[in-house]
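> model the following, please.
(one chain, ligands or ions: 3)
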Amino acid sequence: MTTVIKNGTIVTADLTYKADVLVEGGRIAKIGQGLSGDKVLDATGCYVMPGGIDPHTHLEMPFMGTYSADDFDSGTRAALAGGTTMVIDFALPAPGQGLLDALSMWHNKSTRAHCDYSYHMAITWWSEQVFDEMKEVVDRGITSFKHFMAYKGALMVNDDELFASFRRCAELGALPMVHAENGDVVAELSARLLAEGNRGPEAHAYSRPPQVEGEATNRAIMIADMAGVPLYVVHTSCEESHEAIRRARMQGKRVYGEPLIQHLTLDESEYFNADWDHAARRVMSPPFRSKQHQDSLWAGLSAGSLQVVATDHCAFTTDQKRFGKGDFTKIPNGTGGLEDRLPMLWTHGVNTGRITMNEFVAVTSTNVAKIMGMYPRKGAVLEGADADLVVWDPQAEKTISASRQQSAIDYNVFEGQKVKGLPRFTLTRGHVAVTEGAMSSKEGHGEFIAREPNGPVNRALSQWKELTAPRPVERSGIPASGV
Ligand SMILES: NC(=O)NCCC(=O)O
Ligand SMILES: [Zn+2]
Ligand SMILES: [Zn+2]
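Ligands and ions are numbered 1, 2, ... in the order given. Model (predicted):
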């Protein structure tokens with residue numbers, strides 16, 4: 001059984017051209033003119049692009065005394081509905097729990113996935129066992145390790161643990177990632193705000209100013225540089241953090257920054273809404289920022305100093321958010337966005353001229369696949385690549401509404417936003433999962449994608465670090481060791 005996508009314009013990270021795409025056995029079999037197949041998908045007036053890859057989701061994640069409400073069933077349905085064909089979630093060992101143990105827990109959850117997936121492994125504590133198991137994790141195709149510099153007393157790791165883990169990542173050809181906020185300062189500010197009677201959701205934003213993010217980003221960059229490893233900074237939300245990344249890249253350091261669609265399009269005024277529920281539903285870390293920070297993030301995407309747009313999809317129901325009534329520190333942190341990332345970015349990015357269509361493909365798919373070690377199997381429209389494709393109708397419009405979403409929660413942070421640019425079809429390894437909003441995805445269709453360590457950037461950086469490593473000076477008559 002073959003499927004042909006006809007009459008569309010292929011848009012990749014670097015090319016735009018008219019051609020048909022033939023899909024067979026879950027892969028792209030041929031790209032060319034006048035192709036035919038058993039089943040025809042009409043792409044007239046549409047762009048044929050690699051499906052989105054969301055590198056940052058938390059599905060059924062145990063967090064702040066509860067579990068995020070979208071699991072691998074509803075979460076990956078939401079992804080496909082919005083043109084995203086792969087998610088990278090986080091396996092999160094409880095402090096003291098082994099990495100391989102956590103991994104099998106996440107493998108159990110993801111059996112329900114409708115689209116392909118991978119994980120990052122979180123380093124939430126440090127020991128010889130963690131050090132040893134990191135190798136096995138990489139051998140099993142999980143090549144990125146996440147570190148929380150915030151959430152003191154829960155997930156946070158300290159600088160000595162960061163340095164040890166980053167060095168281990170360097171040895172293994174893996175990529176360390178950071179949630180960059182100074183957790184000690186956030187804890188102090190939170191306690192002071194509560195003591196002063198600041199108990200509402202707006203205090204969440206007061207407790208996490210841009211400085212805590214800028215400081216932690218810079219610290220992580222310097223630690224990664226000393227460990228000789230590239231670094232990926234998740235949910236970059238402000239100019240202070242972007243500035244640190246930009247500066248590091250200008251100095252030749254290998255650092256990636258990931259803004260979220262929420263930070264690009266929603267601002268801090270949401271927290272001043274008179275409705276407690278409205279504000280609490282938007283509590284996430286880092287919080288939404290001012291317009292000035294948003295402009296910085298958009299500029300970073302067009303300038304190339306920021307490489308990826310994600311969602312950090314970590315959705316909680318209104319009832320879950322209400323755990324924090326009277327104490328903002330107990331509001332579960334996180335927002336949704338999986339179904340809306342591509343339409344919102346197209347509407348506010350491509351339709352406004354802030355980014356090109358090709359840049360859109362790069363930041364939503366191709367750059368993720370390259371950075372995360374799965375290109376060109378994913379993130380490409382090339383013969384032999386997985387047929388994870390979105391046929392994008394730039395004229396299709398809708399108004400975002402929780403009443404029509406796949407996500408399991410009872411609201412949407414983008415409620416009422418009009419978007420122009422939607423999937424006509426979404427294909428996951430050749431299976432047509434979405435047709436003009438109608439779902440035909442299959443629970444359990446999603447497969448785990450093993451990723452490759454030691455990509456070109458890791459190799460180049462370790463070569464450079466080896467070349468410039470400290471060496472003893474040879475002096476005549478004195479052994480170099482100084483003995
Ligand atoms: N971002 C957020 O508020 N929740 C999800 C966990 C995290 O990424 O920090
Ligand atoms: Zn985070
Ligand atoms: Zn996250």
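
> tell me how many other residues crowd Thr399.
Neighbours of Thr399 under the rule other Cβ atoms under 10 Å: 11. To be clear about C-beta, it is placed using only N, CA and C from the backbone, and glycine gets the same treatment.

> show the contacting residues for it.
416-419 (Cβ atoms under 8 Å, 6 or more residues apart in numbering).

> change it to 10 Å
Applying Cβ atoms under 10 Å, 6 or more residues apart in numbering to Thr399 gives the contacts 414-419.

> and it, backbone torsions?
Backbone torsions for Thr399, taken as degrees, to the nearest 10, come to phi -110, psi 120.

> kindly check the end-to-end length of stretch 275-288 for me.
Terminal residues of stretch 275-288 lie 17 Å apart, using Cα to Cα, to the nearest Å.

> can it be said to contact ligand 1?
Yes: residues of stretch 275-288 contacting ligand 1 under Cβ under 6 Å from any ligand atom: 284-285.

> can you pull the buried residues of that stretch?
Within stretch 275-288, the residues that count as buried by 16 or more other Cβ atoms under 10 Å are 276-288.

> model confidence over that stretch, on average?
Mean pLDDT, stretch 275-288: 98.

> ok, now stretch 259-272?
98.

> wait, does it contact ligand 1?
No: Stretch 259-272 stays clear of ligand 1 (Cβ under 6 Å from any ligand atom), getting no nearer than 8.4 Å.

> relative to Ile221, how far out is the closest residue to Ala224 other than its chain neighbours?
For Ala224, ignoring the flanking residues on the chain, the nearest one in space by Cβ to Cβ, 6 or more residues apart in numbering is Leu231 at 3.9 Å. As judged by Cβ to Cβ, to the nearest Å, Leu231 and Ile221 stand 6 Å apart.

> list the contacts of Asp267.
Contacts of Asp267 by Cβ under 10 Å, 6+ apart are 287-294.

> may I have the strand or helix carrying Ala164 as PDB, with CA atoms only?
Taking DSSP states H and E as the criterion, Ala164 maps to helix 159-172. Taking Å, rounded to 0.1, in the frame of the first residue of the first chain, the C-alpha atoms of helix 159-172 are listed here in PDB:
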ATOM      1  CA  ASP A 159      27.200  22.900  40.900                       C
ATOM      2  CA  ASP A 160      29.400  20.000  41.900                       C
ATOM      3  CA  GLU A 161      26.800  17.500  40.700                       C
ATOM      4  CA  LEU A 162      26.400  19.600  37.500                       C
ATOM      5  CA  PHE A 163      30.100  19.500  36.800                       C
ATOM      6  CA  ALA A 164      30.400  15.800  37.500                       C
ATOM      7  CA  SER A 165      27.500  15.000  35.300                       C
ATOM      8  CA  PHE A 166      28.600  17.300  32.500                       C
ATOM      9  CA  ARG A 167      32.000  15.700  32.500                       C
ATOM     10  CA  ARG A 168      30.400  12.300  32.200                       C
ATOM     11  CA  CYS A 169      28.300  13.600  29.300                       C
ATOM     12  CA  ALA A 170      31.500  14.700  27.600                       C
ATOM     13  CA  GLU A 171      33.000  11.200  27.900                       C
ATOM     14  CA  LEU A 172      29.900   9.600  26.600                       C
END
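
> which elements pack onto it?
helix 128-139, strand 144-148, strand 175-179, helix 210-227, helix 456-467 (3 or more Cβ pairs under 10 Å, 6 or more residues apart in numbering; DSSP states H and E).
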